[in-house]
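Peer 1: here is the input, now give the coordinates:
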Amino acid sequence: MRADSHFMLAFEGTTAPPELLAALGEGHIPGVTIFRHNVESAGQVVELTDALRAASGSDLPLLIAADQETGQLVGLGEDTTPFPGAMALGAVGDPDLAERVGAVVGTELRALGVTMNYAPVCDIATNPANPSLGIRSFSDDAGTVAELAAATIRGMASAGVVATAKHFPGKGEAIVDPHHELPVLELDHDRLVTVELAPFRAAIEAAVPAVMVGHYAVPAVTGRRDLPTSVSEAMIAGVLRGEMGFDGVVITDALDMGALPQGVGQIVDVIAAIRAGVDLLLCTADREAQQRLRAGLDLAVGRGLVNPGPSLRRTTALRRTLSRDRPPIDVVGCAGHRQLAAEVARRSITLVRDDTGLLPLQPTGDLLAVMPAPSDLTPADTSSRVAPGLAAALRRHHPDVTEIVTSPIPDAGEIAAVAERARQSSMVVIGTTWAGAEQADLVRRVLAVGTPVVTVALRTPFDLAAYPEAPAHLCTYSIHPPSMEALADVVFGMAPTTGRLPAAIPGLYPRGHGAGD
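Peer 2: So this is what the prediction gives:
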């Protein structure tokens with residue numbers, strides 16, 4: 001029995017390298033992950049997935065996975081429909097809408113030849129300072145996340161795609177990014193069971209086929225502050241498989257994260273993960289690391305340290321459910337799907353406050369539109385590939401719009417220049433994308449000028465807490481074009497605002513607040 005049956009391989013480039021095709025040809029590798037760096041276009045992805053399937057020496061369909069969360073993380077490129085993402089769905093609060101989005105996302109994945117999605121995110125946005133979650137979460141409420149995650153899973157299942165609930169056991173309270181170091185979740189057992197695990201229970205009840213376990217320390221369960229949950233028998237065999245009754249496929253988060261020790265000693269963690277109940281190991285494109293782990297795990301199987309049998313049973317059962325047919329490629333980004341993205345965006349825009357009655361905007365001259373250049377706040381982010389769209393959206397209603405796109409962390413010179421330009425404008429719409437000290441300073445300087453200002457949190461709603469004096473404030477939960485266009489419609493009075501805060505803004509507004517209703 002081969003240890004290769006545990007690996008989801010990955011690669012560099014936009015075509016599959018010969019060594020990957022050869023490994024697939026041996027018939028033991030269950031699947032491959034396509035990351036954003038492997039993607040150029042929809043047509044190229046179809047050619048790539050066709051080549052991967054053709055190379056497989058197995059009679060079973062190949063698991064071909066991607067991170068198509070939508071919103072902040074779009075792993076299959078810009079040809080796919082630009083849905084706003086999870087927190088926008090949380091602002092709408094409609095499970096039927098979430099299920100429809102899941103079905104469309106699944107349909108587009110299958111049209112591209114992708115059979116497994118690393119989504120939905122079941123983490124709860126309980127900590128506004130969490131550096132790697134943000135709008136990837138539906139809400140700060142366990143019940144809302146549970147309901148919308150389950151709906152998304154049902155939608156993907158209806159399209160024939162394997163959904164993956166992540167990141168077990170729930171990383172909402174993390175204060176560091178596991179890409180860089182091991183987060184320690186200071187949760188007692190009762191809190192973990194009643195809050196963090198609730199969405200995963202709902203996912204299991206919705207028949208989710210796979211669960212991704214994250215790299216976090218949960219001392220309340222493991223008794224250790226240095227033991228990642230992804231290698232913990234108490235967490236995986238004890239909680240996920242034992243207490244929660246999950247008998248589907250368990251996959252690790254990426255093995256190259258800083259939360260795990262790297263280098264030759266990582267084989268110890270890989271052995272521990274499989275012994276704990278993990279089935280699949282999410283590899284990244286490092287060929288040397290892949291070869292080292294495959295050789296080490298083969299030796300561990302030979303020495304009787306690892307038995308691939310139970311995992312092979314689960315992954316084989318999953319692969320047998322995969323459909324071999326594929327919708328036509330022209331469904332990817334089609335008009336009907338984009339209409340659904342526009343509906344999500346329109347229904348999610350949230351008016352948090354308009355204390356001075358500034359809305360709808362009626363500029364008498366130049367309108368200044370300011371936003372930071374889109375950037376990736378974490379490696380699990382593709383926002384840097386989105387073009388700044390605030391000014392273009394506003395010009396649909398008012399032709400005289402001046403655009404300023406600042407650095408993600410504006411310096412003193414940029415801040416001064418924007419404030420001076422604001423002084424010369426009739427009105428200002430300024431967006432923030434994670435209001436650290438510099439973006440917050442920019443907003444405060446613009447507010448101090450005296451020109452009427454509308455502030456917009458373009459990602460998480462929490463930004464207002466960094467500049468609470470802003471009199472008119474909205475949330476979009478996305479920088480994609482449908483959300484920018486929906487925002488423009490709202491601020492110019494062409495559409496109502498019906499979204500409600502999916503997460504509380506600390507010290508200001510509770511979850512569920514919506515000044516426009």
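Peer 1: how is the protein divided into domains?
Peer 2: The chain breaks down into these structural domains: 3-324, 349-491 (assignment by automatic domain parsing).
Peer 1: a markdown table for those, including mean pLDDT?
Peer 2: Output for the domains of the chain, formatted as a markdown table (pLDDT from 0 to 100):
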| stretch | mean pLDDT |
| --- | --- |
| domain 3-324 | 96 |
| domain 349-491 | 96 |
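Peer 1: ends of stretch 405-419, what's the gap?
Peer 2: End-to-end distance for stretch 405-419: 13 Å, by Cα to Cα, to the nearest Å.
Peer 1: check contacts around the residue in the chain sticking out farthest from the centre.
Peer 2: Most distant from the centre of the chain: residue 364, at 40.0 Å, with distances by Cα atoms, centre = their mean. Under the criterion of Cβ atoms under 8 Å, 6 or more residues apart in numbering, the neighbours of residue 364 are residue 426. C-beta here means a position set from N, CA and C on the backbone, and glycine is covered the same way.
Peer 1: wait, is it part of a strand?
Peer 2: No: per DSSP: H, G, I helix; E, B strand; the rest coil, residue 364 lies outside any strand segment and is coil.
Peer 1: and of the domains of the chain, who's closest to residue 510?
Peer 2: Closest to residue 510 of the domains of the chain, according to Cβ to Cβ: domain 3-324, at 10.1 Å.
Peer 1: okay, now the closest one: how far is its last residue from its first?
Peer 2: End-to-end distance for domain 3-324, by Cα to Cα: 26 Å.
Peer 1: what does stretch 77-93 give?
Peer 2: First residue to last in stretch 77-93 (Cα to Cα) measures 27 Å.
Peer 1: hang on, the earlier thing: using JSON lines, lay out the domains of the chain together with distance to residue 503.
Peer 2: Formatted as JSON lines, the entries for these read as follows, by distance: least, Cβ to Cβ, whole Å:
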{"stretch": "domain 3-324", "distance to residue 503": "4"}
{"stretch": "domain 349-491", "distance to residue 503": "6"}
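Peer 1: ok, the residue farthest from the centre of the chain to residue 455 distance?
Peer 2: In this structure, residue 364 and residue 455 are separated by 20 Å, where distance is defined by Cβ to Cβ, to the nearest Å.
Peer 1: buried set for the host helix or strand of residue 50?
Peer 2: Secondary structure here is read from DSSP states H and E; on that basis residue 50 sits in helix 42-55. For helix 42-55, a neighbour-count test (16 or more other Cβ atoms under 10 Å) marks 42, 44-49, 52-53, 55 as buried.
Peer 1: equivalent analysis for stretch 380-389, please.
Peer 2: 380-383, 386, 388-389.
Peer 1: ok, the nearest residue to residue 87 once chain neighbours are set aside - contacts?
Peer 2: Closest residue in space to residue 87, ignoring its immediate chain neighbours: residue 135 at 4.0 Å, by Cβ to Cβ, 6 or more residues apart in numbering. Under the criterion of Cβ under 8 Å, 6+ apart, the contact list for residue 135 reads 71-72, 85-88, 459-460, 477-478.
Peer 1: just put the residues you listed in a markdown table and tack on secondary structure.
Peer 2: Shown next, in a markdown table, are these (three-state DSSP):
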| residue | secondary structure |
| --- | --- |
| 71 | coil |
| 72 | coil |
| 85 | coil |
| 86 | helix |
| 87 | helix |
| 88 | helix |
| 459 | coil |
| 460 | coil |
| 477 | coil |
| 478 | coil |
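Peer 1: correct me, but residue 261 touches residue 267?
Peer 2: No: using Cβ atoms under 8 Å, residue 261 is not in contact with residue 267, being 10.4 Å away.
Peer 1: circling back to that earlier point, the residue nearest to residue 87: what secondary structure?
Peer 2: Going by three-state DSSP, the state assigned to residue 135 is helix.
Peer 1: same thing with residue 370?
Peer 2: Reduced to three states by three-state DSSP, residue 370 is strand.
Peer 1: check contacts around it.
Peer 2: With contacts defined as Cβ under 8 Å, 6+ apart, the neighbours of residue 370 are 390, 404-406, 418, 422, 428-431, 442, 446.
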